[in-house]
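Asker: Here's a sequence, model it:
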Amino acid sequence: MNIYTIMNVLSLNLDKLKNTFQNILLLRNDVAKIKEQINAKIAHLKVSYGELSKHTTKKNLLFSLDSFFFQYKLFSVELENLNKTRILLNNRMYCDYYKLYILISTYIRENADDLNANEVEFRTYPVYKDLEPFQEYNLEDIKNMHSDIMKFVNYLHECYETNHEYVVNYNKKTRIGFSISNMLNTLEHENLILKQQMTLYVNYLSFFHISQTKHIKNLLDRMNSFNEEIEENISGNHVYSVDDVVEAEPLRKFDITETINEDNQNHHDIIQQCESVELSIPDNNHNKECNSKNEEPKADNIPKAEQQIKVENKSNVEPKTKSENKSTAEPKTKNDSKSITEPKPKSENKSTTEPKPKSENKSTTEPKTKSENKSPTEPKPKPK
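Answerer: This is a model prediction of the structure:
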C-alpha cells in the first residue's frame, strides 16, 4: 500500500468519524426534545391533581384521588430514572473524549522534537472527575474536544507522510549508497510506529462513536415508549368496572397448597437426614458405661482390708531404710495358717508387700494386734 492509498483511507475514515459524531449530536437533541414533552405532560397531571384535591372535601372522593396521585408519582419516578441515564451517558461521553484528548496531547508533547510540534496549540478543558458520574458538562466543550482530537490525528498523519517521503528520497538526494541502509531502516521503523499510533487513536475514537450511538439509541427508544404510554393513559376516557375484569384460571406458580406441601416435604427430608447423621455418630456416653461395667468386677475382687491398707500406706509414708528395699513379709496372725506376700500397686514404690487373705471365708477385717500395728522396720524405743 503506497502513501497515496493510505492518505485516501485516512481521509475517508476521518470523514466517516465526523459524520457519526454529527449523528450522535442529533440523537442527543432528540432525547432532549422528548424529555421536554414528557416533563410537560407530567406537570399537567400534577396541576390537575392539585385542582381536584382543592375542590374535594368528601372522604370517598379523596380516597378515589389517591389512585390519580399514584399515577403521577409513578410517571415522575420513571422520568427521573430515564433522566439519570441520560446524564450518565452525557457524562461518559465527556469522559471518553477528555481522556483520549489527554492521551494524544501527551504523546505529541513527549515527541515534539520528532514531530516538529512546537507550534501546536493545546486548549485546556475542565478536568473530568471519576467520582462524580452524574455531573453534567458543557456540550460545547465536548464538541471542541472532539474537533481537537480530529486535528491531532490529521497532524500525525501529515508527519507520517513527511517522514515517509524523506526516507524514500534520502538516498537519491545524498547518493551515499547502501552504507546507510540501517539508518533508513531505523527511520522507516520509527515512521511505522507513528502510523500504528495514529491508527490506534482512530480506532479508539471509532469505538467511542459506536458505543455512544448504541446507548443513546436505546435511551431514545425507551423515552419514546414512555411518552406513548403517558399519552395513552391521559387520552383514555373509558371508565373501568368489574365488567372489564377478564376471567382467568389460577396460575400454578401461585398455588399456595402446592407451596405448603413442598415445604412440608422438604422439612421431612431434613429431619430424616438429621436422624441418619445421629445414628452414624458413635455414642460416647454408651461407650463410657460399657467401660465402667467392665472395670467394676476388678474393683470388687480386691478385698476391703487391702483397700484400707492401701489408703493407710498412702497417708502414712515413712522414710525408707535399707531393709525396705528388700521385699519383706508381714508377720502372720494367729488365725492365718499361711502368709502370702502380694506386691503393692503401681502408685506405690513397691517397697513392701502386703499379705493376701487365704480364703474369702475368713474375715479380712479382724483387729490388728499391737505387733501388727507397728511397722516391721520401725525402731524400738530404748529403755530408760
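
Asker: Where do the helices of this protein begin and end?
Answerer: Under the criterion DSSP state H, the chain contains helices at 3-54, 59-110, 112-115, 139-174, 181-235, 256-280, 284-301, 304-315, 322-325, 370-373.

Asker: would you turn those helices into a markdown table with distance to residue 244?
Answerer: Quick note: C-beta positions are derived from backbone N, CA and C, even for glycine. Formatted as a markdown table, those follow (distance: least, CB to CB, whole Å):
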| stretch | distance to residue 244 |
| --- | --- |
| helix 3-54 | 22 |
| helix 59-110 | 15 |
| helix 112-115 | 73 |
| helix 139-174 | 47 |
| helix 181-235 | 15 |
| helix 256-280 | 26 |
| helix 284-301 | 71 |
| helix 304-315 | 98 |
| helix 322-325 | 113 |
| helix 370-373 | 114 |
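
Asker: So which of the ones you listed is nearest residue 241?
Answerer: For the helices of the chain, proximity to residue 241 was assessed by CB to CB; helix 59-110 is nearest, at 13.7 Å.

Asker: helices or strands up against that closest one?
Answerer: Helix 59-110 is packed against helix 3-54, helix 139-174, helix 181-235, with contacts defined by 3 or more CB pairs under 8 Å, 6 or more residues apart in numbering; DSSP states H and E.

Asker: returning to what we had before: so for residue 126, which of the helices of the chain sits nearest?
Answerer: For the helices of the chain, the distance to residue 126 is smallest for helix 139-174, at 6.6 Å, taking CB to CB.

Asker: for the closest one, packing partners?
Answerer: Using 3+ CB pairs under 8 Å, 6+ apart as the contact criterion, the secondary-structure elements in contact with helix 139-174 are helix 3-54, helix 59-110, helix 112-115, helix 181-235.

Asker: Out of these, which is closest to residue 274?
Answerer: Minimum separation from residue 274 across the helices and strands packed on helix 139-174 (CB to CB) falls at helix 59-110, 47.5 Å.

Asker: now the closest one against helix 181-235, angle please.
Answerer: Our comparison of helix 59-110 with helix 181-235, counting by axes from the mean of the first three to the mean of the last three CA atoms, to 10 degrees, yields an angle of 170 degrees.

Asker: State the mean pLDDT of helix 59-110.
Answerer: Per-region confidence: helix 59-110 scores 93 on mean pLDDT.

Asker: now stretch 124-137
Answerer: When the per-residue pLDDT values of stretch 124-137 are averaged, the result is 95.

Asker: Likewise for stretch 247-259?
Answerer: Confidence over stretch 247-259, taken as the mean pLDDT, stands at 61.

Asker: who wins for proximity to residue 245 among the helices of the chain?
Answerer: Using CB to CB and comparing the helices of the chain, the one that lies nearest residue 245 is helix 59-110, at 16.2 Å.

Asker: before we move on, the earlier item: can I get the helices and strands packed on helix 59-110 in JSON lines with distance to residue 241 and mean neighbour count?
Answerer: Converted to JSON lines, the helices and strands packed on helix 59-110 look like this (distance: least, CB to CB, whole Å; neighbours: other CB atoms under 10 Å):
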{"stretch": "helix 3-54", "distance to residue 241": "21", "mean neighbour count": "14"}
{"stretch": "helix 139-174", "distance to residue 241": "50", "mean neighbour count": "16"}
{"stretch": "helix 181-235", "distance to residue 241": "18", "mean neighbour count": "15"}
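
Asker: That's all I had, so thanks and see you.
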